[in-house]
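*Asks:* sequence unknown, structure follows:
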């Protein structure tokens with residue numbers, strides 16, 4: 001018997017079907033062991049010796065593999081074709097060797113797609129484990145452990161409230177924080193545009209003023225209303241004729257097939273998917289045999305795949321859409337050993353695969369790969385220059401038309417920002433001397449905009465441009481920043497939280513080298529050298545540890561008050577921005593109001609994190625949370641106004657669970673949490689929140705009131721014990737009677753039950769292979785669960801519901817179904833047990849023991 005080891009049960013099932021008799025295929029379910037999260041797991045003083053610990057939930061898997069290995073003649077390690085796949089194979093081999101269950105013959109095979117041809121071809125070309133890739137894995141794992149487990153204790157003791165730091169994670173966070181600083185420092189500049197609306201041969205078009213009084217204009221040339229009005233008057237008073245018509249042919253070539261990074265970027269732009277969601281979907285498509293391996297830096301396609309793509313193009317389009325020669329793309333990856341084939345369909349005759357989000361992602365991959373082998377698009381750009389009789393004023397109109405769509409008939413690459421005139425309208429045919437009719441002239445005011453906050457797509461792109469981390473790790477890196485609450489996302493853009501800003505400031509001030517972009521990128525290149533066999537992994541670790549350990553020890557020796565003092569100065573411009581009236585921003589407002597001298601604000605560290613407090617403490621108890629004062633000059637924590645009805649003070653405060661507003665003082669004071677979807681929170685919003693619940697009106701059928709409020713699970717409507725969700729805080733105050741009645745009716749139709757609206761699925765998976773029911777991850781009263789419509793299975797606490805894979809769902813449902821009959825039997829016995837007296841008691845005990 002030949003034993004084959006892969007990562008997932010779905011992959012195992014497919015491959016066992018391809019290989020047939022004589023082969024047993026088992027899944028490891030990913031990594032089987034890791035460095036235990038405690039001190040001493042990596043020991044630099046012992047030549048970077050490492051202790052490994054088998055995951056508790058993988059013990060039974062390892063035993064199953066070991067038992068099968070003892071009966072096998074040959075062990076074939078067929079995990080994924082990358083560094084992590086090589087590492088899993090190495091771990092399995094090491095564990096089997098320790099258990100004395102390793103067959104005499106051990107071989108490694110890799111395939112880029114789970115198709116019969118790819119698998120059988122790989123089985124015919126086995127190799128040994130790649131020691132260079134394993135060394136690169138060991139170096140990365142040790143490096144990340146040493147960075148995190150050395151730095152985190154420093155953070156916990158010197159920066160209360162900080163949770164963790166990571167080698168790549170902290171640099172990605174710095175990118176987001178730096179962008180926030182750029183936005184804050186940005187000073188908008190006023191500029192004006194003057195545009196004439198014109199018409200020729202029945203077609204209207206816009207022409208922009210590009211020369212005024214003989215001076216060529218750029219975007220910012222007209223900087224005030226006076227100049228704009230003069231320019232507008234000049235255009236209105238002039239008779240403009242066509243001076244020149246310039247037509248230029250343009251060609252646009254298709255983008256190469258997807259790499260891991262470009263797939264994440266496009267899925268974010270076009271489908272709104274997070275990087276982690278994209279990778280989960282791609283993993284499922286790969287394991288289903290629909291696409292090639294999804295962790296790759298390569299853009300090249302296999303020769304047979306190129307031929308299949310060209311054949312599919314020829315079948316779908318006319319000959320003009322197929323270039324004479326195949327398009328060959330060159331991989332830009334720094335380490336060719338880790339650059340596999342691009343992400344593409346395994347079968348170009350299959351234009352659909354999967355369902356739901358999977359199907360949408362497959363469609364993206366299919367179209368991108370096919371378009372990459374299609375003919376270039378032919379466009380024509382026309383520029384028309386119009387001049388007045390004086391020759392001192394010029395207008396310009398631009399238009400673009402697609403003469404031959406080529407690859408654009410299938411796919412167009414998304415962009416984070418569009419260039420000016422990119423989508424210029426079609427112009428009428430004009431010749432020199434023509435005088436188009438002038439319909440009107442506008443002078444519009446604009447302001448320059450700060451750089452945009454990062455989206456997941458633009459952050460991934462920037463990380464790749466800087467050479468920080470590797471595309472296969474971006475999804476997990478971004479997820480950690482979210483989980484640690486160092487960043488938040490609003491409208492698919494990253495905002496740095498105060499905790500993220502504080503951590504970044506600490507690292508920049510005390511560990512500047514290790515959050516420097518060039519250092520982190522340089523480290524990635526060194527790790528690539530290890531995987532390419534050009535460097536020794538322990539030498540890399542020694543060089544890092546030689547500098548990092550003394551630096552961390554030095555910071556650990558500092559007193560927390562010294563650290564806070566340094567950060568207070570470092571963050572001074574952020575925490576205490578200049579005031580409009582020119583007064584000192586560090587003067588304590590409470591001391592000033594109470595005529596107390598010497599009150600100065602500064603950064604302090606407390607048990608629950610950093611905050612701003614007065615130097616006159618304990619005489620003055622003023623404090624506010626870490627961060628900037630509110631825009632109106634009032635401090636974030638403190639009285640923000642007086643309730644006009646009760647006359648009681650309304651204060652904004654910060655508690656363990658976040659910011660809230662309070663009416664009055666004392667135990668019985670009314671409080672209301674400040675929702676996160678209120679970026680423009682002010683005193684008026686405070687009064688609205690404190691006024692909840694709001695009565696929308698009387699229900700037309702029952703006469704009972706409908707109320708709107710905010711609860712533990714967000715905004716909602718309530719009526720007669722029945723509930724309906726609202727989408728935002730604003731809806732609580734803006735939803736009218738008609739909308740409320742409709743929402744409650746829809747919720748009742750969906751949910752029934754005790755009047756509570758039926759819960760929406762957290763995630764929808766494919767059909768269960770046995771029952772055929774669609775599998776859904778649902779929120780439940782006692783925690784999230786997965787169901788196929790027949791069997792409900794609880795999701796383990798260490799698994800995030802949104803991260804549950806199809807294979808895990810099948811395993812949980814099958815395990816729960818297997819236990820089902822016994823539980824049902826025991827439940828049925830309880831009811832008759834009450835009717836008879838003594839005779840049934842022993843049976844009841846027996847059943848309980850069973």
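*Replies:* Nice, thanks for sending it over. It should be emphasised that the depicted structure is a prediction, and the values quoted were computed from it without experimental measurement.

*Asks:* Isn't residue 209 up against residue 235?
*Replies:* Yes - using CB atoms under 8 Å, residue 209 is in contact with residue 235, at 6.0 Å. (C-beta placed from N, C-alpha, C; glycine too.)

*Asks:* how about residue 409, what does it touch?
*Replies:* Contacts here follow CB atoms under 8 Å, 6 or more residues apart in numbering; on that basis residue 409 touches 317, 321, 374.

*Asks:* pLDDT wise, what is it at?
*Replies:* For residue 409, the pLDDT comes out at 91.

*Asks:* swap in residue 582?
*Replies:* Per-residue confidence (pLDDT) for residue 582: 84.

*Asks:* Can you report how many residues neighbour it?
*Replies:* By the criterion of other CB atoms under 10 Å, residue 582 has 7 neighbours.

*Asks:* sec struct for it, please.
*Replies:* coil (DSSP: H, G, I helix; E, B strand; the rest coil).

*Asks:* got the contact list for it?
*Replies:* Counting by CB under 8 Å, 6+ apart, there are no residues that residue 582 touches.

*Asks:* Confidence-wise, which helix or strand of this protein is lowest on average?
*Replies:* helix 840-849 (a mean of 40; mean pLDDT, DSSP states H and E).

*Asks:* got the end-to-end distance for stretch 344-360?
*Replies:* With CA to CA, to the nearest Å as the measure, stretch 344-360 spans 14 Å from end to end.

*Asks:* no wait, stretch 409-427
*Replies:* Stretch 409-427: ends 22 Å apart by CA to CA.

*Asks:* for the stretch 301-450 of the chain, which spans come out with low pLDDT?
*Replies:* Across the stretch 301-450 of the chain, the ranges flagged by pLDDT under 70 are 332-339, 415-424.

*Asks:* And the helices in it?
*Replies:* Ranges of helices in the stretch 301-450 of the chain, per DSSP state H, counting those that start in this stretch, are 303-316, 357-371.

*Asks:* still on that earlier bit, what residues are shared contacts of residue 209 and residue 235?
*Replies:* Here residue 209 and residue 235 have 194, 196, 393, 395 as joint contacts, going by CB under 8 Å, 6+ apart.

*Asks:* Nearest residue to the first one in space, ignoring adjacent ones along the chain?
*Replies:* Spatial nearest neighbour of residue 194, chain neighbours left out: residue 209 (4.0 Å); criterion: CB to CB, 6 or more residues apart in numbering.

*Asks:* who does the helix or strand in which the one you found is found touch, helix- and strand-wise?
*Replies:* Using DSSP states H and E, residue 209 sits in strand 203-212. On a contact count with 3 or more CB pairs under 8 Å, 6 or more residues apart in numbering; DSSP states H and E, strand 203-212 meets strand 190-200, helix 225-237, strand 394-404.

*Asks:* What's the separation between residue 321 and residue 168?
*Replies:* 42 Å (CB to CB, to the nearest Å).

*Asks:* Return the distance of the residue lying closest to residue 515 once chain neighbours are set aside relative to residue 145.
*Replies:* What sits nearest to residue 515 in space, not counting adjacent residues and going by CB to CB, 6+ apart, is residue 507, at 4.6 Å. To residue 145, residue 507 is 18 Å away according to CB to CB.

*Asks:* Of those two, give the one with the bigger neighbour count.
*Replies:* residue 507 (23 against 18).

*Asks:* Mean confidence (pLDDT) on the host helix or strand of that one, please.
*Replies:* Assigned by DSSP H and E, residue 507 belongs to helix 498-510. Throughout helix 498-510, pLDDT has a mean value of 91.

*Asks:* Would you mind pulling up the elements that that helix packs against?
*Replies:* Looks like helix 498-510 contacts helix 131-158, helix 169-185, helix 560-570, strand 609-614 (3+ CB pairs under 8 Å, 6+ apart).

*Asks:* Among those, single out whichever gets nearest to residue 369.
*Replies:* helix 131-158 (26.7 Å; CB to CB).

*Asks:* relative to helix 560-570, how tilted is the closest one?
*Replies:* 100 degrees (axes from the mean of the first three to the mean of the last three CA atoms, to 10 degrees).

*Asks:* Now helix 131-158: buried residues?
*Replies:* Neighbour counts using 16 or more other CB atoms under 10 Å place 132-151, 154-155, 158 of helix 131-158 among the buried residues.

*Asks:* Mind putting the shared contacts of residue 209 and residue 235 into CSV with distance to residue 163 and neighbour count?
*Replies:* Below are the shared contacts of residue 209 and residue 235 laid out as CSV (distance: CB to CB, whole Å; neighbours: other CB atoms under 10 Å):
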residue, distance to residue 163, neighbour count
194, 53, 27
196, 58, 23
393, 61, 22
395, 58, 27
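
*Asks:* ok, so of those residues, who is nearest residue 782?
*Replies:* Within the shared contacts of residue 209 and residue 235, distances to residue 782 taken as CB to CB reach their minimum at residue 194, with 65.5 Å.

*Asks:* Where does pLDDT dip in the protein?
*Replies:* Scanning the chain with the threshold set as pLDDT under 70 gives 332-339, 415-424, 607-608, 628-638, 654-658, 679-680, 750-760, 781, 798, 819-850.

*Asks:* Could you find the residue nearest the spatial middle of it?
*Replies:* Nearest to the geometric centre of the chain sits residue 274, at 4.0 Å (CA atoms, centre = their mean).

*Asks:* So it sits against residue 456, correct?
*Replies:* Yes - applying CB under 8 Å as the test, residue 274 and residue 456 come out as touching, 5.8 Å apart.

*Asks:* now the helices and strands packed on strand 203-212 as JSON lines including distance to residue 215?
*Replies:* Listed next are these as JSON lines, based on distance: least, CB to CB, whole Å:
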{"stretch": "strand 190-200", "distance to residue 215": "13"}
{"stretch": "helix 225-237", "distance to residue 215": "10"}
{"stretch": "strand 394-404", "distance to residue 215": "10"}
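
*Asks:* Between those, which one is closest to residue 713.
*Replies:* strand 190-200 (45.1 Å).

*Asks:* where do the helices sit along the stretch 501-650 of the chain?
*Replies:* Counting by DSSP H, counting those that start in this stretch, the stretch 501-650 of the chain has helices at residues 517-531, 537-557, 560-570, 572-575, 589-593.

*Asks:* Check which residues of the shortest one are buried.
*Replies:* With burial defined by 16+ other CB under 10 Å, the residues of helix 572-575 counted as buried are 574, 575.

*Asks:* Go ahead and name everything in contact with it.
*Replies:* Outside helix 572-575, the residues that touch it by CB under 8 Å, 6+ apart are 181, 184, 501, 568, 603, 612, 626, 627, 628.

*Asks:* Can you tell me the closest non-neighbouring residue to residue 642?
*Replies:* residue 649 (5.8 Å).

*Asks:* no no, residue 52
*Replies:* residue 33 (4.7 Å).

*Asks:* Can you give me the distance of that neighbour to residue 41?
*Replies:* From residue 33 to residue 41 the distance is 11 Å (CB to CB).

*Asks:* what do you get for residue 216?
*Replies:* 66 Å.

*Asks:* who's more crowded, these two?
*Replies:* Taking neighbours as other CB under 10 Å, residue 216 and residue 41 compare with residue 41 leading, 19 against 9.

*Asks:* buried residues in the helix holding residue 507?
*Replies:* So, applying 16+ other CB under 10 Å, buried residues of helix 498-510: 498, 499, 500, 501, 502, 503, 504, 505, 506, 507, 508, 510.

*Asks:* cool, stretch 797-810 as well?
*Replies:* So for stretch 797-810, counting by 16+ other CB under 10 Å, buried means 801, 804, 805, 806, 807, 808, 809, 810.

*Asks:* out of those, which are inside helices?
*Replies:* 806, 807, 808, 809, 810 (DSSP state H).
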